[in-house]
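**Q** Just to be clear, the model below is a prediction. Sequence and coordinates:
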Amino acid sequence: MAENQRIQWVYSSKTNSELEERYDEWAAEYDKDLGDLGWTGPRAAAEALARFAKADAKVLDAGAGTGLVGVELKKLGFKHITAIDISTGMLNVAKETGAYEDLKREVLGSELSYATDSFDAVISVGTLTIGHAPPESLDELIRVTKPGGKIVFSMRPDHFEPSGFKAKQEALEAAHKWKLVERGKAFHPIALEPDVEHEVWVYEVLS
């Protein structure tokens, strides 16, 4: 199966169970496949977080996959990173990177096992999208982030409104749960898929 076909196969999952199984199966080839496609999303988001958070921050990598974001954060000096993902297979690969202090299977969109205000920052790349983590995931990401902490995530502009994130993000801002710090310019994170764009968003948690 070609790299782009495998991505479509995973993103077509109908349930969390199916999504988990497909990511478990993909884990061994994930880094190679994304590398072959020229995937730059992790680096772009990590650089955004580095502009707004100190290297000693306690960071949650939500939807960590095989740890590509953790590796980029580690290069930028971050040392206290926790990984969560729906796939144990992906987390097993992420553990081998040495980028994380802790790794745990968690399902975004459900209640997380962490206490309120557990983290100084959250980062999520390629996860807040159709067929993966739903807009309701943002409630828990805010809850586990300290006031003043930053939440950084990537999102496809063409998924922003249809997937319900526009309404959810605006509702959270209206409720004074967070405020927008930066919405990055659209860029092409996959060299071999020029029609795909991402933006990196940065919010500050208020309460």
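**A** Yep, that arrived. Numbers count the residues shown, from 1 in each chain.

**Q** ok, now how distant is L73 from P135?
**A** In this view, L73 and P135 are 25 Å apart by CB to CB, to the nearest Å. (Each C-beta comes from the backbone N, C-alpha and C, glycine too.)

**Q** These two: which has the busier surroundings?
**A** L73 (30 against 17; other CB atoms under 10 Å).

**Q** The more buried one contacts A121, doesn't it?
**A** No. Using CB atoms under 8 Å, L73 and A121 do not qualify as a contacting pair, with a distance of 9.8 Å.

**Q** Give the intersection of the neighbour lists for the two.
**A** Counting by CB atoms under 8 Å, 6 or more residues apart in numbering, the contacts common to L73 and A121 are L49, V59.

**Q** pull the CA atoms of the host helix or strand of N92 into CSV?
**A** Per DSSP states H and E, N92 falls inside helix 88-95. C-alpha atoms of helix 88-95 as CSV (Å, rounded to 0.1, in the frame of the first residue of the first chain):
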residue,chain,number,x,y,z
THR,A,88,-0.4,1.4,22.0
GLY,A,89,1.6,0.3,19.0
MET,A,90,2.4,3.9,18.1
LEU,A,91,3.3,4.7,21.7
ASN,A,92,5.7,1.8,21.8
VAL,A,93,7.6,3.3,18.9
ALA,A,94,7.5,6.8,20.5
LYS,A,95,9.0,5.4,23.7
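
**Q** May I see the buried residues of that helix?
**A** G89, M90, L91, V93, A94, K95 (16 or more other CB atoms under 10 Å).

**Q** And it, what does it pack against?
**A** Here helix 88-95 touches helix 16-37, strand 80-85, strand 102-105, going by 3 or more CB pairs under 8 Å, 6 or more residues apart in numbering; DSSP states H and E.
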